[in-house]
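1. Kindly generate the corresponding structure for this input.
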Amino acid sequence: MLSPRCTPKYCSLIRCYSNEPLSSSSAIRNRFIDYFVTEKNHNHIRSCSLKPINGALVNAGLVQFKSVLQGQTLPPAPQVANSQKCARIGGMYNDFDFVGTDGYHHTFFEMLGNWSFGICDKQAACKLAWELLTQSYGLHPKRLYVTYFGGDSQMELKPDFETREIWRQLNVEESHILPFGRKENFWEMDLVGPCGPCTEIHVDRIPERNNAGERVNAGFPDLTELWNIVFIQFHRNADGSLHHLNQTHVDCGMGLERLVAVLNGVESNYDTDLFRPLIGAIQKATGCPPYSGTFDPTHEAFHIDQAYRILCDHARLLTVALADSVLPHNEYQMHRVLRRSLNVASDVMKKDEKLLVELSNLVSDSLHPTFPEVGENLSKVQTIIQKEAEIYKAIKQVHPKSWVSLRSKKPDIESLLEFGSNRITLSLACKKMGSIHEREVTPAVAFPLFRSLGLSAELIGKIAILYGKKFNVAAYENYLHTFRNKEILSVDSPINFVATSDVPRTNYQPIYECRRRDGQYNFPSVSAKILSVLVREAEDGVECGVILDRTNFYHTAGGQECDSGKIVASSRPDCYLMVKRVAKVGDCIIHFGKLKGCFNIGDNVVTQINESNRVGCMRNHTLAHLIHAEMQNLFAAAVQKRCVINSSYLKINYFLYGEEFTIEHAKLLENAIMRAVEDGLQVERRTVNVWELPIRTTFVPDETYPLDNISVIDIKRENLIISREACSGTHVQNTKDIGQFCITQTFVKENVRNTKETCIFAITGSDVEEAISNSEKMLSNVNNYNKLVLKMEQELSSLGKQVDTSKTVPDLQFHIDEMIKLKNSHNVIRDFVQDSKTKCSFVTYRMVAAALNEGSKKIHQMAKFLSALEIRQKIKNSRAVSHVIQLSELLLETGLLKKYTKEVHVPIMLFAPCEDKLSVCCSIPEDLVSKNFNALLWINKILPHLVESDEHVAIHKSAPSLKFQTLSVDYKFTVPTQTMKERCWKASQAAYKLANRFV
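-> Just a heads-up that it's a prediction; the model follows:
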């Protein structure tokens, strides 16, 4: 049941001058796009990811075009329009704390935007907006108020009277045209970057009211901003100053959610079709009281209504962001959103993460027609939500003593778990904060204290507030940025020099020039000129760096190792640089190595790369793309964390969010790649700019990409894209050239957040032959081993039947000797498998390891069986028994000793030597126990035979008992195994002689 507020209470506000009134969010969104694209000749540009390449989270439609505004790239078209996905959970625009308190702040929203690049035509922008609102959407002009920039003396900016005159020309009433200052009408994307004065259109949501100008920008929810038109004329510098842009632009934006609420005449965005299905689903799933729509904190329903709003809002952000690979382990703000959602669901709605999963289905239904990636990645979204919920539950169950004490003093500390931290880390952070005596925590003080804890600036700020201290989050982030730059530059002084100097760029397109014939590759040498020589000492044989005007040497990037090779002086072949390392700084490529002879600026040189090294990298890099593509098919959420590619091997790390990479996955992965290799698929490289990027192009999180000349690598099977990835690395031209390959190992490691990181190793080239040979040898050995185990099982089964039907115990020594041989065979195969672990097929290794493990269990059971028969044989017709178990090394516990020493009705002592340890058990029937003969005395008598007085060994005895006693000796590998066994035999003889004196 929904609130009465969902009915069109303010319907008289909408006087539709158009023929078809619009109400659904889909129709309103489509009308906006049609208006600009079809009627006004704008180009439609699809929304970029919530985290575009090389950027922070998109907090406004403008962010997608930041590189255009900064002059780094050309615009996709002079005029464009779209509906852009936006998130406001951090940075300059952060609505996280406001969500749920009102009807219009959201962590995720759609920005309906239109842009004009290179021409700041204020009149056209204002006219287009006014016409769309009043004619297409049918809003009455008398309900609209416009604002313009009233100037700012501190910034030395005059009032924007030009915009005021434009609104007058559009017949806006004078009382509806209002000036405001910098806070309201000077828009900035961030602390540094493009900015400019803006004009806004506000809408009065009370139909009967006139002359409400005094309520504009006064915080009243019934008169709110609807459209913002920004005239991008300036750039905000890091020091706070402004400079004029060479080219000016117009950025117009309007929140879809608010527009839908206005056009439907409802008070709150939550009363629209973007949120109503979510609210209904929550009420149905939880049985909570129906949503009433109150925003009054004193109202009894406010708490539950706020929970409804938070869950709806956060479910939308989580679904869209996770689909865009904006992940919690990369963005701490996502932790806050996800963990607050889980807290609200469990604490208020009394439901677990399944409620969020259910809501994500509805979000996908609503948004995937506009943003297909939301529906396509829904299983990934839900897998991540479920795994993150498990991690959060585990964190909340850990209660270190320091946390219990801290929480009693600072109850609000519990809320900070939402920032993605845990109780132990927060306890340490609070202890450090408490050690600071100053009232203000400066970046220089905070950095050394909190760096090792990995806390965000915002979280440090929240902790500072708990302790009544001041902390400037922006200043700390700037400090971090400066420190990291210094850290990077200090690694190598030549790199530092290039980074701070005006050195001409290097043309590195020749990197991709090669000739392929019959699967073989040839790389033509490149004639180049030396632009700079970077040396510490200008001597023959010294390490130096050389910058050329063009090169075919690949620099380390995208996980791929750089090229090696030679740079030779054209006129002096005896002068050359042996290149060992290649780095890219800005647009310069620096070749590092040892110099033979002398290089001078302006010299003509020839570059010669190590071809076998390059081809190895090419094979492995293309293989990495195939692996990554198939991992997306095998797992709901396979997020690449890092990658290492060289000529010998490749290693890729993944977060699989709770799923395990099994031997079956490895088989499927190898089969899929083998098929791609055998099919000889073409590997195509094309260069595009950021606007031409094909849909569903894969980007590696946190990797840096150029904005122009982005290389896209396609691997196709006919018209089907097998893999499409943005990548500047080098690749083979046909998958057949990968040749034989092998996944050699995988392992899992836990990171600091309890998330398992799966590492996959693979090889190509000549190393595969050794891996195949080792794998075949393993399989052959283990097959023979399995036959021996089966044969021994059959023989012992027959022996068991013989024992059951015969009154005498047959001779066991032959079988004992055969069992020892079998165990030795097991050990030889095990050692070979372990030594070849990284040099064989992972699938084979796991199969063989499983077979050896199963065989070891069978050997253990057979050893127990034979040892039991051996002891029975010794007991039969004996007055006393003292015996060294021959198969003791095959037994995994000493339980057998205790069992037989307690069950036998004659004095018995059993010895079980195993590697560097010895176990001894003895028991004496109660009727034979005396002062001169008992278990404690007996075992003490034989101890000198087992341990010499000057040996440093660990001896453990059971509690003193006259009837039963155990002894364990840990020789700590100070005594050879054979010596230990010889001592056991002597001790056994001595024990037997002693027992015979009393029986």
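2. I figured residue 356 hits residue 342, correct?
-> Yes. Contact criterion C-beta atoms under 8 Å: residue 356 and residue 342 qualify, at 7.2 Å. From N, CA and C alone the C-beta is placed, and that goes for glycine too.
3. Mind checking which of those two has more residues around it?
-> Summary of the neighbour comparison: residue 356 and residue 342, criterion other C-beta atoms under 10 Å, with residue 356 having more neighbours (26 against 23).
4. before we move on, the earlier item: need the overlap of contacts for residue 356 and residue 342.
-> A shared contact of residue 356 and residue 342, defined by C-beta atoms under 8 Å, 6 or more residues apart in numbering, is any residue touching both; here these are residue 389.
5. quick one, domains of this structure?
-> For the chain, the domain assignment from automatic domain parsing gives the residue ranges 9-274, 291-397, 495-609, 614-765, 878-999.
6. Please tabulate those domains in a markdown table, including the columns mean pLDDT and distance to residue 771.
-> Converted to a markdown table, the domains of the chain look like this (pLDDT from 0 to 100; distance: least, C-beta to C-beta, whole Å):
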| stretch | mean pLDDT | distance to residue 771 |
| --- | --- | --- |
| domain 9-274 | 89 | 36 |
| domain 291-397 | 92 | 32 |
| domain 495-609 | 88 | 20 |
| domain 614-765 | 90 | 5 |
| domain 878-999 | 87 | 32 |
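7. Looking at these, spot the one closest to residue 865.
-> domain 878-999 (9.6 Å; C-beta to C-beta).
8. Any idea how far apart the tips of the closest one sit?
-> 10 Å (C-alpha to C-alpha, to the nearest Å).
9. That one: how far from the chain's middle?
-> Averaged C-alpha coordinates place domain 878-999 at 56 Å from its chain's average position (C-alpha atoms, centre = their mean, to the nearest Å).
10. ok, now stretch 289-306?
-> Averaging C-alpha coordinates over stretch 289-306 and over its chain gives two centres that are 38 Å apart (C-alpha atoms, centre = their mean).
11. That one: which residues count as buried?
-> Of the residues in stretch 289-306, those with enough neighbours to count as buried (16 or more other C-beta atoms under 10 Å) are 291, 292, 293, 294, 295, 301, 302, 304, 305, 306.
12. Kindly reformat those as a markdown table and extend each row with secondary structure and distance to residue 208.
-> A markdown table is the format used below for the buried residues of stretch 289-306 (DSSP: H, G, I helix; E, B strand; the rest coil; distance: C-beta to C-beta, whole Å):
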| residue | secondary structure | distance to residue 208 |
| --- | --- | --- |
| 291 | coil | 27 |
| 292 | coil | 24 |
| 293 | coil | 21 |
| 294 | coil | 23 |
| 295 | coil | 21 |
| 301 | coil | 27 |
| 302 | helix | 27 |
| 304 | helix | 32 |
| 305 | helix | 27 |
| 306 | helix | 30 |
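13. among the residues you listed, which two are most distant?
-> Taking C-beta to C-beta as the measure, these have their most distant pair in 295 and 304, spaced 12.8 Å apart.
14. what's the helix or strand for the closest residue to residue 93 other than its chain neighbours?
-> Counting by C-beta to C-beta, 6 or more residues apart in numbering, residue 59 is the residue found nearest to residue 93 once chain neighbours are left out, at 4.5 Å. Of the helices and strands defined by DSSP states H and E, none includes residue 59.
15. contacting residues for residue 59?
-> Per C-beta under 8 Å, 6+ apart, neighbours of residue 59: 86, 87, 88, 91, 92, 93, 189.
16. Between all of the residues you listed, which two are separated the most?
-> Based on C-beta to C-beta, the longest span within the contacts of residue 59 runs between 87 and 189 and measures 14.0 Å.
17. Between those two, tell me which one has more neighbours.
-> Comparing residue 87 with residue 189 by neighbour count (other C-beta under 10 Å), the higher total belongs to residue 87, at 30 against 21.
18. Can you verify my assumption that that one contacts residue 60?
-> No. Between residue 87 and residue 60 no contact is recorded; they are 10.1 Å apart, counting by C-beta under 8 Å.
19. how close does the residue nearest to residue 93 get to residue 109?
-> In this structure, residue 59 and residue 109 are separated by 10 Å, where distance is defined by C-beta to C-beta, to the nearest Å.
20. Could you do residue 722 as well?
-> As for residue 722, its distance to residue 109 is 36 Å (criterion: C-beta to C-beta).
21. who has more neighbours, those two?
-> Neighbour comparison, residue 722 and residue 109: the larger count goes to residue 109, with 24 against 19 (by other C-beta under 10 Å).
22. All good on my end, thank you.
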